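In: just coords:
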């Protein structure tokens, strides 16, 4: 075996975790050394105490005990220089965001996340510390929901590539995008446009307003408020492509029209300030920006849960309107240039 | 919405699938167009006929019905120019291999694969036909086990990046690497060294012996023979890092020593021919090559299933020996240079 144990500087730290010399590259540490260090950060040694995880990392696959026979599964990738840049985001930021995106997808089905697996592609010259910080960020966000990272894969890649797959169990019923009914109100929870405005700021080389750049670096999700929507939501999704784009997905899946009142949308002061500075209408970020991982749902009018803000209504028809007119602006994040 | 429908040439073909002009790039087709075309190839329209798949692609997550409350999960990435090259492998080859790697990991736990999800990173200039061929290859291999691709993600990336996550259900008991017992025999099924020899050939710019280059392009796995091992295997893994490396993982997990008799290993004529031409000992490919997805198990001596070949024995001690001596050669595939 080619475990690079001899190349690893092991220093006990207070949490009992191994600390690896931060100036090492992944090439110097080696594949098995990196896997050991990552699983250490992810708390593998504690996993089998959790009775839901029957076999953790180290075997061909992980084994997880699920509370019922239905399973919700989601997968999502983040690519360096497409979704984040190392010059803007820390490893912890990237890990938080990767975990949050997948945890959100499970919650958006009205389900409880049970476990994550992660596939990590790393350049040979990546500092080990950055890879471990990604693991720390993932664990930090997953811990908020009591979810473990139960397995993974590490491969060489030209840029950092993180693919997280989340599995979960429906708590009661599955809440699909197709459940919106005419007469429902449309409500959201979470911030809209902050990450997009932060990206616009960062792309111009600025690091302030810090609150917006931070919003691009990692989403801030109040999972309790999201879950408070499970009882009465008729349809639900997370806003990852932008409010208009995701409302359009939901409207199409449900065979209804969604009308949004722009006056009900919060355009916070930092967005107004940056909009003025960049001569852009900040409402466009609110309507089209993804990556904040807000949640969009439809509810019976008298059953909107606390923390959710009504922004529109469901009617017969199709498509999405803003203030009564079909929205013709740029609709959400797309990954490829030629469209 | 920015669906690039107007840019897509849609031609009905015999299978009822959409055919996209093969000279388009993913950038020309657009993200949503590509997702539509991929889910079409993957047979999403048929998914909900399969009662095990409750919600397929198009929502935040897929919902799958599992036959029991334990779940096996595995994830695995393949990166262009690390694991394959477009000049050597077709899209179908790459898709078959990506699916096979994960299906193998589920089988290596003694479990039945239930569903796959795929995250696909694609360069903007990638021909759409190549991306669809990857999907065709995945579906082709998954169909062999009656498994559906239930969801996925498509992102822009500098090279092709495929991360497949497989979930499955233990059929009877989970077969871990840690179950080997002193007195067991060690047996394998499947080819060893073929993919490694094929890679050696391809790296020198040759395309023959074709049978070896094909073995690098995609593994050939007899899933029925693998499953015939479930009833009596005490420990089981697939050989992805190489026979010696994976035997070492298994020996360590079980707290035993594994001795292998090299005379019991098949060194086929194509390997001998290439070894002679490249002045390399073909046994090294057999002992250290991954990617054929052979399976390695330990069994009670009188319960070796048909199609499995005994190559060694389990004894007290640690490590792996070949012909009675500790193996000191190159032990298996590692992803990073510096070890």
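Out: Thanks, I have it. Here the structure is a predicted model, which is why all the values come from computation and not from measurement.

In: Excluding residues flanking it in the chain, which one is nearest residue A:151?
Out: residue A:62 (3.8 Å; Cβ to Cβ, 6 or more residues apart in numbering or on different chains). C-beta here means a position set from N, CA and C on the backbone, and glycine is covered the same way.

In: Kindly apply the preceding question to residue A:261 instead.
Out: Leaving aside its sequence neighbours, residue A:261 sits nearest to residue A:312 (Cβ to Cβ, 6+ apart; 5.7 Å).

In: Look up how far residue A:151 lies from the one you found.
Out: In this view, residue A:312 and residue A:151 are 41 Å apart by Cβ to Cβ, to the nearest Å.

In: higher neighbour count, these two?
Out: Neighbour comparison, residue A:312 and residue A:151: the larger count goes to residue A:151, with 32 against 26 (by other Cβ atoms under 10 Å in any protein chain shown).

In: what about the more buried one, which helix or strand?
Out: For residue A:151, the element it lies in under DSSP states H and E is strand A:148-156.

In: in its sheet, what does that strand sit against?
Out: strand A:111-122 (parallel) (DSSP bridges).

In: Count the residues that sit near residue A:231.
Out: With other Cβ under 10 Å as criterion, residue A:231 counts 12.

In: Tell me how far it lies from residue A:178.
Out: 19 Å.

In: avg pLDDT for the strand holding residue A:151?
Out: Across strand A:148-156, pLDDT averages out at 86.

In: Ok, stretch A:183-191 next?
Out: Computed over stretch A:183-191, the average pLDDT equals 97.

In: buried residues in it?
Out: Buried residues in stretch A:183-191, counted by 16 or more other Cβ atoms under 10 Å in any protein chain shown: A:184, A:185, A:186, A:187, A:188, A:189, A:190, A:191.

In: Narrow those to those in strands?
Out: A:185, A:186, A:187, A:188, A:189 (DSSP state E).

In: Residue A:149 is in contact with residue A:42, isn't it?
Out: Yes - contact criterion Cβ atoms under 8 Å: residue A:149 and residue A:42 qualify, at 4.6 Å.

In: Give me the common contacts of the two.
Out: Shared contacts of residue A:149 and residue A:42, defined by Cβ atoms under 8 Å, 6 or more residues apart in numbering or on different chains, comprise A:135, A:138, A:139.

In: List of residues touching stretch A:77-86?
Out: A:93-94, A:97-98, A:101, A:130, A:159-163, A:202, A:217, A:335, B:119, B:121, B:153, B:155-158, B:161, B:163.

In: Out of these, which sit inside strands?
Out: Per DSSP E, the contacts of stretch A:77-86 map to strands at A:161, A:162, A:163, B:119, B:121, B:153, B:155, B:156, B:161, B:163.

In: who's in contact with the last one?
Out: To tie it back to what came earlier, the one meant is residue B:163. Residue B:163 sits in contact with A:75, A:77, A:119, A:153, A:161, A:163, A:165, B:75-78, B:118-119, where contact means Cβ under 8 Å, 6+ apart.

In: ok so, going back, which one's more surrounded, residue A:149 and residue A:42?
Out: Between residue A:149 and residue A:42, residue A:149 has the larger neighbour count (other Cβ under 10 Å), namely 29 against 26.

In: circling back: separation between the residue nearest to residue A:151 and residue B:297?
Out: To residue B:297, residue A:62 is 19 Å away according to Cβ to Cβ.

In: Okay, helices next: where are they in the stretch 151-300 of chain A?
Out: A:194-203, A:210-217, A:223-228, A:243-254, A:269-278, A:282-288 (DSSP state H, counting those that start in this stretch).

In: Switch the ones you listed over to CSV; also include mean pLDDT.
Out: Formatted as CSV, those follow (pLDDT from 0 to 100):
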stretch, mean pLDDT
helix A:194-203, 92
helix A:210-217, 93
helix A:223-228, 96
helix A:243-254, 93
helix A:269-278, 94
helix A:282-288, 93
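
In: List just the one of those that sits closest to residue B:174.
Out: helix A:223-228 (31.0 Å; Cβ to Cβ).

In: who's more crowded, residue A:62 and residue B:297?
Out: Neighbour count, other Cβ under 10 Å: between residue A:62 and residue B:297, residue B:297 has more, with 30 against 27.
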